[in-house]
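Novice: What would the 3D arrangement of this be:
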Amino acid sequence: MITKEQIYEWLQSVTDPEVPVLTILDLGVVRDVLIGEDEKVTVVITPTYSGCPAMDVIGMNIRMALLSRGIKKLDVQMQLSPAWTTDWMSEDGKRKLKEYGIAPPVSRGSDLDLFDITPVECPHCGSKDTELVSQFGATSCKSLYKCNSCKEPFEHFKCH
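Specialist: Numbers count the residues shown, from 1 in each chain. Got it, this is the predicted structure:
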């Protein structure tokens with residue numbers, strides 16, 4: 001008998017193709033795991049952005065991870081509402097981002113002002129003397145910064 005806990009354990013091996021130090025559980029994109037009476041497994045995922053190209057790869061990697069463990073009846077469903085938020089990321093995931101050299105998002109609560117440019121801490125030296133270079137980094141979920149203290153460029157995982 002397959003358990004939900006086993007499925008979640010197996011999903012720990014599925015990483016984000018754009019930030020490979022994060023698992024899909026670190027990101028919080030797995031919304032639910034359902035196991036039917038016929039042992040059909042349904043994994044419900046929410047994209048970090050609508051139209052995120054990584055979601056197709058994530059769906060395929062979920063299928064491969066579970067098929068390799070003998071799950072024969074499997075469905076990966078996309079759920080768009082409620083929209084994903086960086087608040088769903090695990091604290092461990094945020095720590096992994098920083099160690100990887102990407103400034104993690106900082107939750108600012110419900111009074112989020114999209115035009116408020118809060119200082120972003122440099123993941124290399126910890127300085128908050130940083131400057132936004134571009135709203136867009138290598139992927140749409142990240143922006144590009146530079147640190148005025150250590151002079152290193154870095155990406156910031158946008159808070160949303």
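
Novice: thinking Val33 is in contact with Tyr8, fair?
Specialist: Yes. Val33 lies in contact with Tyr8 (Cβ atoms under 8 Å); the separation is 6.3 Å. C-beta here means a position set from N, CA and C on the backbone, and glycine is covered the same way.

Novice: quick one: Gln77 from Lys158, how far?
Specialist: For Gln77, the distance to Lys158 (Cβ to Cβ, to the nearest Å) stands at 26 Å.

Novice: what mean pLDDT does the helix ranked longest in the chain have?
Specialist: Across the chain, the longest stretch assigned as helix under DSSP state H is helix 54-67. For helix 54-67, mean pLDDT is 96.

Novice: in it, what counts as buried?
Specialist: Going by neighbour count (16 or more other Cβ atoms under 10 Å), the buried part of helix 54-67 is 54-55, 58-59, 61-63, 65-66.

Novice: quick one, what contacts Thr46?
Specialist: Counting by Cβ atoms under 8 Å, 6 or more residues apart in numbering, Thr46 touches 29, 31, 78-80, 82-84.

Novice: and Val43, how many neighbours does it have?
Specialist: 26 (other Cβ atoms under 10 Å).

Novice: Can you classify it as helix, strand or coil?
Specialist: Here Val43 is recorded as strand under DSSP: H, G, I helix; E, B strand; the rest coil.

Novice: just checking, Asp129 touches Ser149?
Specialist: Yes. With contact defined as Cβ under 8 Å, Asp129 counts as touching Ser149 (5.1 Å).
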